[in-house]
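In: sequence first, predicted coordinates after that:
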Amino acid sequence: MAHNDVSSRKGGDVSVIERFLARNKGKTLEFKENCRPLHAIVRTVVAFANTAGGSIVIGVKDKTKDVVGIAEPLGDEERLANTFADSITPLLIPDIQIHAWRNRQLIVVVVPHSVGPYYVRSEGPDSGVYVRLGSSNRPAGPELIAEIRRLARNAFFDEQPCSGINSEDIDFRVASELFAQASRPFTLPKRRSLGLLVAQGGREVPSNGAVLLFGRTRSNVFPNATVRCARFLGSDTARFLDQSEIDEYLPNTADQAVAFIERHTRQGLEIGRVRNRKLPEYPVEAVREAVINAIVHADYSIGGATHVQHVPYGAALPSQTHDAPLRVTGLTIAFS
């Protein structure tokens, strides 16, 4: 790949770099001062591809976010492209961009999320699979690799049979009551069509999804499938003003989590001609949607692990009354 000048490859949108610099590194963003060592960048690319995609900005110091730039962006671009082609299986082709920012050249590697599992070829398919947890790359264990392979076959974790669990371990009464609230019957065919009961060895058994939603012994199978709420003292996440761990059937946890947030939400007041209207610090609909999304999209296949991701202001829910963001991160709802 030969080029005579950087301008033929660089992106022209300065705001792209500014948006990256406004964020902290995390689940979908990594900063690298340079392209050394290449194997570390390869692992990050693999982790992004196996998790949620992401971007690597090269030419920015990791801890301080000082922009130092790249001396030979075209050469580094070609080295990166060749390394990715030679080092990652299956073939993965990230988008490698060169951007000019304040008289410095930066490289941005944009990695799409795709069903793999992708792995570092030199480390093999069992040891070379990485995933992104927070701002770090972690080797994927056998269970997670198996889950990624199930996704590749369109076989989702919540639809898989839950080992050692039978129908008596599922509280279908609670499920029926929830369906009754929506004026819908909760019949045996409905349980099957929803994937709550699945076939295994010639009989019907509860799925992982059934246990997560209505399992009487859910905490034994998924001990960390809980919602943890915390009210921190300012920005110090080591000091709590209030905290709560909600260990209920998952359909019931959202209401309790939203109630916790409302309990710690300041109320503004809008003066009207006829009547005054309370103005909550955060839009109730947005809070509820964020909580439900956190519960629904959590990855319970990793032992029900809680994933904590720092969300900077600007990516958080906007406050209606002041500048402190509400952070709903994984299953940790951080209210500061």
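Out: Received it, and whenever you're ready, just let me know what you need.
In: so where's the stretch 51-200 of the chain shaky on pLDDT?
Out: 154-155 (pLDDT under 70).
In: in it, which spans are strands?
Out: 54-58, 88-89, 95-101, 104-111, 119-120, 130-133, 136-139, 197-200 (DSSP state E, counting those that start in this stretch).
In: CSV for those, including distance to Ile261 and mean neighbour count?
Out: For the C-beta atoms, the positions are set from N, CA and C on the backbone; glycine is no exception. Shown next, in CSV, are the strands of the stretch 51-200 of the chain (distance: least, CB to CB, whole Å; neighbours: other CB atoms under 10 Å):
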stretch, distance to Ile261, mean neighbour count
strand 54-58, 28, 23
strand 88-89, 41, 20
strand 95-101, 38, 19
strand 104-111, 33, 21
strand 119-120, 40, 23
strand 130-133, 25, 24
strand 136-139, 28, 17
strand 197-200, 35, 16
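In: generate a markdown table for those strands, with distance to Arg43 as supplementary columns.
Out: Below are these laid out as a markdown table (distance: least, CB to CB, whole Å):
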| stretch | distance to Arg43 |
| --- | --- |
| strand 54-58 | 11 |
| strand 88-89 | 10 |
| strand 95-101 | 17 |
| strand 104-111 | 12 |
| strand 119-120 | 6 |
| strand 130-133 | 5 |
| strand 136-139 | 5 |
| strand 197-200 | 35 |
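In: can you give me the helices in the protein?
Out: 14-21, 38-50, 73-87, 124-127, 142-152, 172-181, 188-193, 208-214, 218-221, 250-263, 284-296 (DSSP state H).
In: turn those into TSV, including distance to Leu133 and mean neighbour count.
Out: Formatted as TSV, the helices of the chain follow (distance: least, CB to CB, whole Å; neighbours: other CB under 10 Å):
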stretch	distance to Leu133	mean neighbour count
helix 14-21	21	15
helix 38-50	9	22
helix 73-87	22	17
helix 124-127	17	12
helix 142-152	10	16
helix 172-181	32	14
helix 188-193	34	13
helix 208-214	20	23
helix 218-221	21	17
helix 250-263	22	17
helix 284-296	16	16
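In: tell me which of those sits nearest to Gly134.
Out: helix 38-50 (11.0 Å; CB to CB).
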